[in-house]
Each structure stands twice: as structure tokens, then as C-alpha cells.
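Novice: sequence plus the predicted model coming up.
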There are 2 protein chains.
Amino acid sequence: MSNQLRKHIEEVVALSDDEYTFVLSHFSKEAYGKSDFLIQKGESVNHCYYVISGLLKLVYDDTNGKEHITSFAMENWWESDFAAFFTQTKAQMSLQCIEETHVLSISLNNYNKLAADFTKMEYFFLKKSNAGHIASQRRILSFLTSSAKERYEQLLEQYPILFQRVPKMLLASYLGVSRETLSRLSH
Amino acid sequence: MSNQLRKHIEEVVALSDDEYTFVLSHFSKEAYGKSDFLIQKGESVNHCYYVISGLLKLVYDDTNGKEHITSFAMENWWESDFAAFFTQTKAQMSLQCIEETHVLSISLNNYNKLAADFTKMEYFFLKKSNAGHIASQRRILSFLTSSAKERYEQLLEQYPILFQRVPKMLLASYLGVSRETLSRLSH
DNA sequence: TCATAATTGTGATGTTTGTCACACAATAGA
DNA sequence: TCTATTGTGTGACAAACATCACAATTATGA
């Protein structure tokens, strides 16, 4: 039994063996191949995912058929179309594999049950949500204060691993510039 | 005794009179005049604020002395420099009044105590944090998918009241365009 | 392996947006 | 009320970035 999730949770709250077994019983392990979809635009979103290994992209397709990457999700990240997940509406985004990916998936029912029945996990989810909120604000600030080139350099500094694992056209889509402009920025 | 906060919380969880009294005891009421600071860049951030009335701006000052508005906070919004508040680091942003503003303020200690001692409020804070995260993602998406003009029109549609209460140069700063460009977009 | 698809780089050109400069209007405080 | 401050509009120009076109390179799968 992998205890990667346990280590991850224990960065916030300590768990006994029994507690961890209880937590884990709310998740199911799933494997996806390259370019598989975990969430498809327009369908209902019943799960939130914890990434064990691999790489995902959360994508919004605009009316002109252009795709925009809201975020990448790597090892130890939590991802979903949270708006659709929490409010039980149809997905406005797709969640798709960039690499073969293993996840632990939790349904909204189990998420709510786990939070309600086990305060430590409610606390953990609160911490994670706050951290996600803060990360999003940092990203907003980078759009407000920085040029495309500066955003590129910030990303390179913060997540150099992405440049080895992700095609540059996807990085461009994440940064909000055309692939041509990104190509010209990178030298 | 105002029960505005009570109504606000009860959109998520029901409270008895005693429970609300208990919750309220963790907050203190504060009043600020126009252009007063609730948080100053560089200082430590000990409180998170619930806006009863008035209007605040959360501002980042870049190295060129230009100010960028991360968000506005109106009635019934929760605001702080959350990164600094939760991690107990110095403020990277300022929180300043645009109008005379009344708030309920809660310290990090009381926030943690309240969440730990009263599951309903931990649940409430989790819901609020998730909602904040979702709102931030929507804003990121608008930077990725929309031109300055489109972002202007979206803001006008979503928060028309801001156009009556906020100078246009501040709206420009929130939208991430120069005030001159905003002026040209608006007709 | 080979053919096809996906990705990347680069020139030419047009659009969007920022910057500077200045005039004018509105507002706030003594 | 008067004055200083703050906010607004607009022209001229420069910079940043997108788009289109095409060639070249690199994966991918039958």
C-alpha cells in the first residue's frame, strides 16, 4: 500500500494508522493513459483528484476553439473543475492527461462525509483550499504586474521541470501568449 | 446588535442564538475613514476582515511605484492579505479604504480557535475558501481568454455598482490596463 | 520502419495596448 | 468659497504581442 497520500496529509496534520486507513477508504485508485480525459467539458464532475504520479492539464476551450490552460497538476497536487465539482454543475473545463497518470479520486459525497466525520481532514481541506486561493492570487498578480517575458521567466524559475515535461505550446497557453511569441521570448 | 454577519453565515450553516453570540465574540468591530489603511505593506498581518459596509481595495505596489489592484472588497466580503495572514509573514500588499468602511475583524488566533472549537465555522470557512478559490480561477480565465475590452464589459456586467463607487483609474488597475486605454474602451 | 501528426522556429505584417504630453473637470479640505 | 489635489479625455507615437504563412524538426503509432 502506497503511503504517498499519508505523507502529503501529514505535512498538515498527523494521522494514526487507523485514521489513515479510514481516510484512504474514501478514495479510489485510478490510472489513465496519455491524453485520456478525467473530466470532459459539459459532463458532470463527480470527483476531485489527488495526483500520485504523472501530469494533467486543466483546460478551457473558448468559443474560437482555442484552448487555454488554467493550471497544470503534478505529483501531490489536487485538481478538478472545482466550480463544477462543488456546485454540482456541468464542467466548463476539461481535465486531461499530458502523461500517463495515477490518481486517487474522491467523490463529492465522500469529500463531504470525510470532512464532516473527521475534523482533521476538514482542517486539512481548509488548509489546502486556502493555499490554492493564495496560489491563484499570485497568478492574478503576475498577469497584472508582469509582461509575457517576465511571466515566462517566473515560470521557468518556479517550475523548471515543466519545461522538460510539457510542449512549449502548452506553456504558452498557460502563460497567456501565442506559441510564436513564447518561442521568441525564450532566446 | 447587528446580525448582518449572522445572516451571511446562515447562508451556509444555521446557527442558534448562543452559537452566534459565541462566534461574534471572536470578532471586534472597527471603523475606518476614507483612504485609511487596514493593512500596510511590510507590516505583519494579524487580522482578516469581514466588510459590513464600505469599500476596500487590496493593492500591490510594484517596483516602479505603480499600483495594481488584486481585488475590491464590498459588503459581505472577506478580505486580507491571505498569504501573509495565514503564513504569518509580512504583508506584500496593502488593504486600504476607498470609502468609509465598517468591518468585523478576526485575529489568526481567533480564526484558528473558532475553526477548531466549532465545526460549523470550520465548515463555513472551508466553503468560503473554496468559493474564493473558484472566483480567483474565474479571474485568471478572464486574463487568458479575454481582451481588455472584453474584461471591461464582463466587469461592467458582473459588478455595475463598482462603476458608480470607484474612480475609473482604479478599475483600470484592477483590469490590468492603463487608465488611458480604459477611457478609450468605454465608448 | 515509415508515414502521419504534432511541435517548433522565424519572417512579414497588423492590431492592441502602453506611454508621454497636455488640457480640462471634479472633488476635498482649509 | 477657494485652492490643491485627484481624476478624466484625447492626440501622437512607441512597444508588445497576435496572426498568417511556411519550412523544418521531432514524436507517435500502425
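Specialist: Cool, the structure landed.
Novice: switch to C-alpha atoms for all contacts and neighbour counts from now on
Specialist: Noted.
Novice: spit out the contact partners of the residue positioned nearest the centre of chain A.
Specialist: Of all residues in chain A, the one closest to the mean position by Cα atoms, centre = their mean is A:E79, 3.2 Å from it. The contact partners of A:E79, by Cα atoms under 8 Å, 6 or more residues apart in numbering or on different chains, come to A:48-51, A:73.
Novice: any idea how far A:Q158 lies from A:L141?
Specialist: 15 Å (Cα to Cα, to the nearest Å).
Novice: what does A:A91 give?
Specialist: 26 Å.
Novice: and these two? Which one has more around it.
Specialist: Using other Cα atoms under 10 Å in any protein chain shown as the criterion, A:A91 and A:L141 rank with A:A91 on top: 22 against 19.
Novice: and of the contacts of A:E79, the nearest to DNA strand C?
Specialist: DNA strand C has its nearest neighbour among the contacts of A:E79 in A:A73, at 16.7 Å by Cα to the nearest atom of the strand.
Novice: spatially nearest residue to that closest one (excluding sequence neighbours)?
Specialist: A:L56 (5.0 Å; Cα to Cα, 6 or more residues apart in numbering or on different chains).
Novice: now the one you found: phi and psi?
Specialist: With angles defined as degrees, to the nearest 10, A:L56 sits at phi -120, psi 160.
Novice: what's the pLDDT at the residue nearest to the centre of chain A?
Specialist: pLDDT, A:E79: 98.
Novice: same thing with A:G65?
Specialist: You'll see A:G65 listed with a pLDDT of 88.
Novice: and the pLDDT at the closest residue to DNA strand D within chain A?
Specialist: Residue nearest to DNA strand D within chain A: A:V177 (3.3 Å; Cα to the nearest atom of the strand). On pLDDT, A:V177 comes in at 98.
Novice: and the residue lying closest to it once chain neighbours are set aside, how close does it get to A:R179?
Specialist: Leaving aside its chain neighbours, A:V177 sits nearest to A:A148 (6.8 Å; criterion: Cα to Cα, 6+ apart). Distance, A:A148 to A:R179, by Cα to Cα: 11 Å.
Novice: check what pLDDT A:S2 gets.
Specialist: For A:S2, pLDDT reads 71.
Novice: could you do the one 5 residues further on as well?
Specialist: A:K7 is assigned a predicted lDDT (pLDDT) of 98.
Novice: just how off-centre is the helix or strand harbouring it within its chain?
Specialist: Secondary structure assignment for A:K7, by DSSP states H and E: helix A:4-10. The chain centre lies 17 Å from the centre of helix A:4-10; the measure is Cα atoms, centre = their mean, to the nearest Å.
Novice: right, and the helix or strand after that helix?
Specialist: Proceeding N to C from helix A:4-10, the next assigned helix or strand is helix A:17-24, under DSSP H and E.
Novice: which outside residues touch that next one?
Specialist: Residues outside helix A:17-24 that contact it (Cα under 8 Å, 6+ apart): A:6, A:114.
Novice: OK, contacts around the nearest residue to A:Q4 once chain neighbours are set aside?
Specialist: Sequence neighbours aside, A:I52 is the residue nearest to A:Q4 in space, at 7.3 Å (criterion: Cα to Cα, 6+ apart). Contact analysis of A:I52 by Cα under 8 Å, 6+ apart lists A:4-5, A:75-76, A:101-104.
Novice: one more time with 6 Å, if that's ok
Specialist: With contact set as Cα atoms under 6 Å, 6 or more residues apart in numbering or on different chains, A:I52 has these partners: A:75-76, A:102-103.
Novice: cool, and A:N46?
Specialist: A:N46 makes contact with A:S107, according to Cα under 6 Å, 6+ apart.
Novice: measure it to A:F82 for me?
Specialist: 10 Å.
Novice: so which residues on chain A come close to DNA strand C?
Specialist: Within chain A, the positions near DNA strand C by Cα under 7 Å from any atom of the strand are A:166-170, A:180-181, A:183-184.
Novice: most neighbours among these, which one?
Specialist: Comparing those by number of neighbours (other Cα under 10 Å), A:L170 comes first, having 19 neighbours.
Novice: tell me who's in contact with that residue.
Specialist: By Cα under 6 Å, 6+ apart, A:L170 has no neighbours at all.
Novice: that one sits in which helix or strand?
Specialist: With DSSP H and E as the test, A:L170 turns up in helix A:168-175.
Novice: could you point out which element follows that helix?
Specialist: Per DSSP H and E, the helix or strand that comes after helix A:168-175 is helix A:179-185.
Novice: helices or strands next to that next one in the packing?
Specialist: Secondary-structure packing of helix A:179-185 (3 or more Cα pairs under 6 Å, 6 or more residues apart in numbering or on different chains; DSSP states H and E): helix A:168-175.
Novice: check whether the longest helix belonging to chain A comes near DNA strand D.
Specialist: Ranked by number of residues, the top helix in chain A under DSSP state H is helix A:119-145. No. Figure legend: helix A:119-145 not in contact with DNA strand D (Cα under 7 Å from any atom of the strand); closest approach 9.5 Å.
Novice: how about that helix and chain B, touching?
Specialist: Yes. In terms of Cα under 6 Å from any Cα of the partner chain, part of helix A:119-145 sits within range of chain B, namely A:126, A:129-130, A:133-134, A:136, A:140, A:144.
Novice: export the residues you listed to CSV and tack on neighbour count and pLDDT?
Specialist: Listed next are the residues of helix A:119-145 next to chain B as CSV, based on neighbours: other Cα atoms under 10 Å in any protein chain shown; pLDDT from 0 to 100:
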residue, neighbour count, pLDDT
A:L126, 23, 94
A:S129, 23, 95
A:N130, 22, 94
A:H133, 23, 95
A:I134, 21, 96
A:S136, 23, 96
A:I140, 21, 98
A:L144, 21, 98
